[in-house]
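Make a model of this:
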Amino acid sequence: MQYAHPIEQIVCNQLPTVGGVLFFGCHPLCVWIWIALRLQQTYEAHSGYCFDGSILDRLGLSHAESSSFHDHHHTSNKGNFGITYMDYIFGTMDHYMVAGGHEGYVEKGRAAYAKKKKKK
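Residues are numbered from 1 along each chain as shown. Okay, here's the model as predicted:
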């Protein structure tokens, strides 16, 4: 289940997704493709998986960097509150960058997987 405050839901989730369509008009097929891509990005970012280096990532169909960015928000509870450039401006992504950013996240995940596999 996904939860967001009603103001956050409107300002951060719904307006960025359908704002351009409402203000500038768009072909219905483009709207459906855009919404499908936004939903895929949201589900991947909240899945807890980072598909860095996978076939999907090589084809450009993965959002590995945004997944690692958002997963850091959920696992450390320090920063990465939303849009990357806003977190950069307000300094709320500093903890993520000190930890190595996307590359550090991927390396930490691979090390944890190797450690877990070695125990078995």
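
Poorly predicted segments of the chain, please.
1-2 (pLDDT under 70).

which residue is nearest the centroid of it?
residue 66 (3.2 Å; Cα atoms, centre = their mean).

Look up how far residue 16 lies from it.
13 Å (Cβ to Cβ, to the nearest Å). Every residue, glycine included, has its C-beta placed from N, CA and C.

what's the answer for residue 51, then?
From residue 51 over to residue 16 the distance is 23 Å, taken as Cβ to Cβ.

go on, residue 82?
10 Å.

ok, those two, which is more surrounded?
Neighbour count, other Cβ atoms under 10 Å: between residue 82 and residue 16, residue 82 has more, with 16 against 12.

The more buried one in helix, strand or coil?
coil (DSSP: H, G, I helix; E, B strand; the rest coil).

tally of neighbours for residue 60?
7.

which SS state does it fall under?
For residue 60, the assignment made with three-state DSSP gives coil.

next one: phi and psi at it?
Phi and psi for residue 60, reported as degrees, to the nearest 10, are phi 80, psi 20.

Distance of it relative to residue 41?
As judged by Cβ to Cβ, residue 60 and residue 41 stand 12 Å apart.

just residue 50 next, same as before
Distance from residue 50 to residue 41, counting by Cβ to Cβ: 13 Å.

now do residue 8
Applying Cβ to Cβ to residue 8 and residue 41 gives a distance of 17 Å.

Compare these two (neighbour count), which wins?
Comparing residue 8 with residue 41 by neighbour count (other Cβ under 10 Å), the higher total belongs to residue 41, at 15 against 12.

residues touching the residue lying closest to the more buried one once chain neighbours are set aside, list them.
Spatially, and ignoring its direct neighbours in sequence, residue 41 is nearest to residue 63 (4.7 Å; Cβ to Cβ, 6 or more residues apart in numbering). Contacts for residue 63 were tallied using Cβ atoms under 8 Å, 6 or more residues apart in numbering; they are 40-41, 44-45.

May I see the residues you listed organised as a markdown table, with secondary structure and distance to residue 71 added?
Below are the contacts of residue 63 laid out as a markdown table (DSSP: H, G, I helix; E, B strand; the rest coil; distance: Cβ to Cβ, whole Å):
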| residue | secondary structure | distance to residue 71 |
| --- | --- | --- |
| 40 | helix | 16 |
| 41 | helix | 13 |
| 44 | helix | 10 |
| 45 | helix | 7 |
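
Right, I'll call it a day here.
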